[in-house]
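S.K.: what follows is a predicted structure for the sequence shown.
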Amino acid sequence: MHFAPLPYLDPGSGSFLIQLLIAALLGLGVAVRASWGKIKGWFGIKPKADEDDDESAE
Amino acid sequence: MTNQPNRGQLPASFRDPSGFLFSRDGILYRQVNHAYEREYARLMESGLYEKLVKAGLLIPHVELDPSSAKSEAAHKVIQPERVAFISYPYEWSFSQLKDTALATLSIQKRALKLGMSLKDASAYNIQFVRGKATLIDTLSFEIYKEGEPWVAYRQFCQHFLAPLALMALKDVRLNQLLRVYIDGVPLDLASELMPAKTRLNFGLLTHIHLHAGAQKKYSGQEVKSRSGTMSKQAMVGLIENLEATIKRLSWAPQGTEWGNYYDITNYSEAAFEHKKELVREWAKRVKPALAWDLGANNGVFSRIVSETAWYVVSFDVDPAAIEQNYQKIKSDKTRNLLPLLLDLTNPSPAIGWANLERDSFASRGPADMVLALAVIHHLAISNNVPLPQLADFFAQTGKWLVIEFVPKQDSQVKKLLASREDIFPNYTKDGFESAFKEKFIIHEAVNVRESERALYLMETK
């Protein structure tokens, strides 16, 4: 039987609500950027590589 | 780590039911509890562990026979690579704290791509390993469920964003708030201390000021639904915004006490070179594993010792010196040197629950070799510590001691005495030697060329 670990940190009510609000706003930005990337893709412009995929890091 | 209860479970390792650290015969192990079985499997099997370890973002570990477990709750026992020296956020320079924050966010981004998320974002979970900010808590990951917000958001803002913003935009010394508030700077306090113009910065306005306001408004209120409300896109947007906000924060040392100390030093090139020669020769002779350079400034002598020592910690009271030292470590890719902020007249205390969570400066020693160059006059004269007490302190701090005596004839000491009564009749070379002979065997005593100073190599009795 597996017990899913309960979150041991209290995210805090206020922190939780403000996070939803900010993230909703910022999520829109991500969506817009993604569509913009697609549009650029139609014109053959490649997106910049995400630095977090850079495996050359030590 | 001397402050351990008998059972071997480390006193700082009690919060998270996923597992805990314990030590046995001087080796550090982490028990992974059954409750964490699924998460551990996902970490190892999704490729996340390998990816993070390869990037130097997560401490590597080996799995051991579970029969070596500490309790019946054990699913697995792992042995993480031992961290050379444990340090704390209130001992880090601005860029050190910034790099640990960015490492945390980078880990979170990589985790999200592989269906996991950080369940905590504690600055204490990051340590400098081979010069790089590295997560040392292998059990910090949970399985990401789309719709769930980031449970560690509040902690991230308190541990990283708030102190960084205060350091960059108000005063770099405000990192010392972390020594008082073990779970990070309270956001209402940060919001109050930050300059009004920070409300014009979207990231600081939202993550600090509005965040603090929301905490106050909803304090103690139950939030109805805690899931299904935050898309993955929103989560990514949040993490990227935190990252951008932090990347824009900067601090450049200027106008601090010793930042350009070596340019305004009172001794000649020849004296400086002679000191370097002696330190190099004596480090080769002692071959220390762990060396501490107390009053290291930007680490010139620490670097010399690091040629022979396994690991060197470079302590100084000046945030500018620590910052410079850290920048040099990054550009040189030095792996065995760690600069830390420390006021020798009031070193890091043991803090946290039962005073056992974070070790004091003293309990993280003793070192094999201690350097105390151009520091004794600050302790004996500026801070009035009698010479016998200084000898006691250094004898407890390390086995070997390289110490510089700076006499009253020296212009730096004259400066210290210019504004006060000379109440130090025993502060002479003879007085120094006789006080230290009580605790040490003096192996070498050399007058530094073209200067009034003398350098000693001593060993504790």
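M.R.: Sure thing, it's come through.
S.K.: so where's chain A shaky on pLDDT?
M.R.: Counting by pLDDT under 70, chain A has low-confidence residues at A:1-7, A:47-58.
S.K.: cutoff 50 now
M.R.: For chain A, the stretches with pLDDT under 50 are A:1-3, A:54-58.
S.K.: count of neighbours near B:A103?
M.R.: Applying other CB atoms under 10 Å in any protein chain shown, we find 20 residues neighbouring B:A103. Where C-beta positions appear, they are placed from N, C-alpha and C, glycine not excepted.
S.K.: next: B:K232.
M.R.: B:K232 has 16 nearby residues by other CB under 10 Å.
S.K.: contacts only, for it.
M.R.: Contacts for B:K232 (CB atoms under 8 Å, 6 or more residues apart in numbering or on different chains) come out as B:L112, B:Y144, B:E146.
S.K.: the residue most central in space within chain B sits in which helix or strand?
M.R.: Central residue of chain B (CA atoms, centre = their mean): B:S87, 3.1 Å from the mean position. Under the assignment given by DSSP states H and E, B:S87 is not contained in any helix or strand.
S.K.: ramachandran coordinates for it?
M.R.: Note on B:S87: its backbone torsions stand at phi -130, psi 170 [degrees, to the nearest 10].
S.K.: look up how far B:S419 lies from it.
M.R.: Counting by CB to CB, to the nearest Å, the gap from B:S87 to B:S419 is 35 Å.
S.K.: next: B:P366.
M.R.: For B:P366, the distance to B:S419 - CB to CB - is 35 Å.
S.K.: and those two? Which one has more around it.
M.R.: B:P366 (17 against 6).
S.K.: surely B:N125 meets B:S140?
M.R.: Yes: B:N125 is in contact with B:S140 according to CB atoms under 8 Å; the separation is 6.0 Å.
S.K.: neighbour-wise, which of these two wins?
M.R.: Counted by other CB under 10 Å, B:N125 and B:S140 do not tie: B:S140 has more neighbours, with 25 against 20.
S.K.: residues contacting the more buried one?
M.R.: If you count contacts by CB under 8 Å, 6+ apart, B:S140 has them with B:L118, B:K119, B:D120, B:N125.
S.K.: same check on A:K46?
M.R.: By CB under 8 Å, 6+ apart, A:K46 has no neighbours at all.
S.K.: about what we covered before: need the contacts of B:K232 in CSV with neighbour count and pLDDT, can you?
M.R.: What follows is these, written out as CSV (neighbours: other CB atoms under 10 Å in any protein chain shown; pLDDT from 0 to 100):
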residue, neighbour count, pLDDT
B:L112, 18, 97
B:Y144, 21, 96
B:E146, 12, 91
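S.K.: B:D65: which of the residues you listed is nearest?
M.R.: Ranked by distance to B:D65 (CB to CB), those are led by B:Y144 at 30.9 Å.
S.K.: and the closest one, how far from B:V402?
M.R.: As defined by CB to CB, B:Y144 lies at a distance of 51 Å from B:V402.
S.K.: going along the chain, name the strands of the stretch 151-300 of chain B.
M.R.: Applying DSSP state E, counting those that start in this stretch to the stretch 151-300 of chain B gives strands spanning B:290-294.
S.K.: got the residues of it near chain A?
M.R.: B:151-155, B:157, B:206-207, B:210-211, B:213-223, B:226, B:229-231, B:233-238, B:240-241 (CB under 8 Å from any CB of the partner chain).
S.K.: filter those residues down to the buried ones, ChimeraX style.
M.R.: Buried residues among these (16 or more other CB atoms under 10 Å in any protein chain shown), as a ChimeraX selection:
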select /B:151,152,153,154,155,157,206,207,210,211,214,215,218,229,230,231,233,234,235,236,237,238,240,241
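S.K.: return the subset of the residues of the stretch 151-300 of chain B next to chain A lying in helices.
M.R.: Counted as lying in helices by DSSP state H, out of these, are B:153-155, B:211, B:213-217, B:233-238, B:240-241.
S.K.: now do the contacts for B:A283.
M.R.: Shown in contact with B:A283 (CB under 8 Å, 6+ apart): B:A291, B:I304, B:V305, B:E307, B:T308, B:A309, B:M369, B:V402.
S.K.: on the C-terminal side of the helix or strand encompassing the second one, identify the next helix or strand.
M.R.: Secondary structure assignment for B:I304, by DSSP H and E: helix B:300-306. Toward the C-terminus, helix B:300-306 is succeeded by strand B:311-316 as the next helix or strand (DSSP H and E).
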